[in-house]
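Novice: fold the stuff below for me.
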Amino acid sequence: MLLQSQISEVLDSQKELFLEQDYGLLRESLDEVPKSSSHAVVITGIRRCGKSTLLLQIFNQKSQSSADEILYLHFEDIRLAGFETSDLTRLDAEIKRRKPKVLFFDEIQFVSGWELFVSQLLKEKYSVYITGSNASLLSRELGTHLTGRHRSFELFTFSYSEFLEISELESGSDSLLTYLNSGGFPAYISETHASRAGQLNALADDILIRDIAVRHSLKDVSSLRQLAVYLMSNIGNTVSANKLAGSFGIKSGTTILDYFSYLNDSYLFEFLPQFSWSARAQAQNPKKIYTIDNGFIDEVSSSFTENSGHKLENAVYLHLRRQNKYGAELFYFKEKGECDFVVFDKGKAKQVVQSCFELNSLNLEREIAGVAEAASFFKLNEGIIVTFDQRDVIEKEGIRIEVVPAYDFFK
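Specialist: Residues are numbered from 1 along each chain as shown. The predicted model follows:
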């Protein structure tokens, strides 16, 4: 339990720091953030992707109002370590005393009963913005006490376009290669190369311990770390929980699946299903592994090869996730051949995309066949092959296949 004076002191100091931080690069997705005074706006994304900065940009965009009309509270402040459900009453008293119009809550989902508290604030006509780095914890409570009273938004690390703007680089193969290696964490790419060392490794370990091991009471952190390193070393490859059972000291395929779920909820990894008309087959078939930011690949992976092809494929996946985060679904396609990505919208395939770092005599027929087969299967008349720096147009069996460099595809 905390004293009201303690909560008040934290509110004052956090607000000062919040308002003093750099507004940073205006995010491309800022205008996509839902705007509603009658619904809680819930912003999720991996740690350090810029959620707090986005809140500041929202305040600046909304605001003809003064700083006195906002209240900001980050619940992972060490001074709030003893925050309990009963302290929400004291927080409510501070809100009533300060009379803000807009409430910004960072990582509130770890406070038991937060959803009832937010629901009451909405009834009292406050504008409420919530950020969180665990999609599952937020969605579970949102689906009960805040059903129909919240709007969700996902924030990603910098896109290629944002990376170019913040880095003051020109679009092209040189900047693309840098982006494929560094990824898009805002603070990371703003640092010099020397000061970057180990940052993303430490972030990944922080996520594994704080967001997964502690939250789910996992005693064997070593096995979780080994699994994460294995997955990061196999980006773009398929993975099966049953086949991994017995590895890393984890005996059960069910436990591996639980770990996959935790890793996905924390936004560290995402698992792309193979397309099938059968939901059961989708669940049983191996998933392809991707990470939420390319910068992790070099820092966390145990692979000693360059992995340029897998880095490009991961970046293409992330681009498609950003472009299709509302209502659309992504799959990989595998029949006689394979196509990396099929984009569905409202139950209908609308795009097939292949990723290939460089088309050459050894892979040309395979890559073209995979795209053409997928396009034909879904009754599309065109497909795309995304490369590092090649352009072409290829016709195969009535399918028009456009070969484009990634720096154009990412625009």
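Novice: let me see the contact set for residue 272.
Specialist: When the contact criterion is C-beta atoms under 8 Å, 6 or more residues apart in numbering, the partners of residue 272 are 287-290, 317, 330-332, 341. No exception for glycine: its C-beta is placed from N, CA and C like everyone else's.
Novice: what is it paired to in the beta sheet?
Specialist: Residues in a beta bridge with residue 272, per DSSP bridges, are residue 288.
Novice: that one and residue 35, how far apart?
Specialist: Note on residue 272: its distance to residue 35, by C-beta to C-beta, to the nearest Å, is 31 Å.
Novice: ok, residue 29 next?
Specialist: In terms of C-beta to C-beta, residue 29 sits 13 Å off from residue 35.
Novice: for residue 316, same thing?
Specialist: 31 Å.
Novice: which of those two has more residues huddled nearby?
Specialist: Legend: neighbour count by other C-beta atoms under 10 Å for residue 316 and residue 35, higher for residue 316 (23 against 13).
Novice: helix or strand next in line after the helix or strand that contains that one, which one?
Specialist: Using DSSP states H and E, residue 316 sits in helix 308-323. On the C-terminal side of helix 308-323, the closest following helix or strand by DSSP H and E is strand 328-334.
Novice: partners of the very next helix or strand once past that following strand, with directions?
Specialist: Moving toward the C-terminus from strand 328-334, the next helix or strand (DSSP H and E) is strand 338-345. When pairing is defined by DSSP bridges, strand 338-345 lines up against strand 328-334 (antiparallel), strand 348-355 (antiparallel).
Novice: need these in JSON lines with mean pLDDT and distance to residue 309, can you?
Specialist: Listed next are the strands paired with strand 338-345 as JSON lines, based on pLDDT from 0 to 100; distance: least, C-beta to C-beta, whole Å:
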{"stretch": "strand 328-334", "mean pLDDT": "93", "distance to residue 309": "15"}
{"stretch": "strand 348-355", "mean pLDDT": "97", "distance to residue 309": "8"}
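Novice: next, format those as TSV and append distance to residue 370.
Specialist: Output for the strands paired with strand 338-345, formatted as TSV (distance: least, C-beta to C-beta, whole Å):
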stretch	distance to residue 370
strand 328-334	8
strand 348-355	6
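Novice: got those as TSV, with distance to residue 254 and mean neighbour count columns?
Specialist: Formatted as TSV, the strands paired with strand 338-345 follow (distance: least, C-beta to C-beta, whole Å; neighbours: other C-beta atoms under 10 Å):
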stretch	distance to residue 254	mean neighbour count
strand 328-334	24	19
strand 348-355	32	21
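Novice: so which of those comes closest to residue 130?
Specialist: In terms of C-beta to C-beta, the element of the strands paired with strand 338-345 nearest to residue 130 is strand 328-334, at 23.8 Å.
Novice: what's the distance between that closest one and the middle of its chain?
Specialist: Offset of strand 328-334 from its chain centre (C-alpha atoms, centre = their mean, to the nearest Å): 17 Å.
Novice: what angle sits between it and helix 308-323?
Specialist: For strand 328-334 against helix 308-323, the angle by axes from the mean of the first three to the mean of the last three C-alpha atoms, to 10 degrees is 150 degrees.
Novice: can you pull the contacts of residue 172?
Specialist: Residues near residue 172 by C-beta under 8 Å, 6+ apart: residue 407.
Novice: tell me the contacts of residue 232?
Specialist: By C-beta under 8 Å, 6+ apart, residue 232 lies in contact with 204, 269, 291, 296-297, 300-302.
Novice: highest neighbour count among the residues you listed?
Specialist: That'd be residue 291 among the contacts of residue 232, by other C-beta under 10 Å, with 26 neighbours.
Novice: now it: how far from residue 183?
Specialist: On the measure of C-beta to C-beta, residue 291 and residue 183 end up 9 Å apart.
Novice: intersection of neighbour lists for those two?
Specialist: With C-beta under 8 Å, 6+ apart, residue 291 and residue 183 have common neighbours residue 297.
Novice: endpoints of stretch 100-115, how far apart?
Specialist: 19 Å (C-alpha to C-alpha, to the nearest Å).
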